[in-house]
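Undergrad: kindly generate the corresponding structure for this input.
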Amino acid sequence: MLVLSRKRQESVVVGGSDGFAQLLKVTVVEIKSGTVRLGFEVDAAVPVHRLEVWERIHATPQPDGPTEHPSEAAT
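TA: Residues are numbered from 1 along each chain as shown. Take a look at the predicted model:
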C-alpha cells in the first residue's frame, strides 16, 4: 500500500501516463473532526464506489450471460 500525506486542497493523480489512458485525480477537500472529505475527478465512464459498496456489488450473483449448449460447443 502506498501511503501519502496531503493537506487540504492538495491532490494525488493515478494513471494518465504511458499505458494508462485513464486519469484519476483525488483531492483532499476538507479535514474536520477526524473525517477527511475527498473529491474524485475521473471520466464519467469510470465507476467510482466506496469499498463497502463495491464489495456488495461484487458479492451479488451476476445474471449469467447466454450459455452454449454442450452439443454446440466448438471442438
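
Undergrad: could you use CA atoms for every contact and neighbour count after this?
TA: Fine.

Undergrad: helix or strand for Arg56, which one?
TA: Taking DSSP states H and E as the criterion, Arg56 maps to helix 51-59.

Undergrad: can you pull out the strands in this protein?
TA: 11-15, 23-32, 35-41 (DSSP state E).

Undergrad: mind checking how far Val42 is from Leu23?
TA: Distance, Val42 to Leu23, using Cα to Cα, to the nearest Å: 6 Å.

Undergrad: nope, Ile31 is what I was after
TA: From Ile31 across to Leu23, the span is 24 Å (Cα to Cα).

Undergrad: I'd like to know which of the strands of the chain lies nearest to Glu55.
TA: Of all those, strand 35-41 sits nearest to Glu55, with 19.2 Å by Cα to Cα.

Undergrad: which strands and helices sit next to that closest one?
TA: When contacts are defined as 3 or more Cα pairs under 8 Å, 6 or more residues apart in numbering; DSSP states H and E, strand 35-41 sits against strand 23-32.

Undergrad: which other residues reach the strand it packs on?
TA: Taking contacts as Cα atoms under 8 Å, 6 or more residues apart in numbering, the residues outside strand 23-32 that touch it are 6-16, 36-43.
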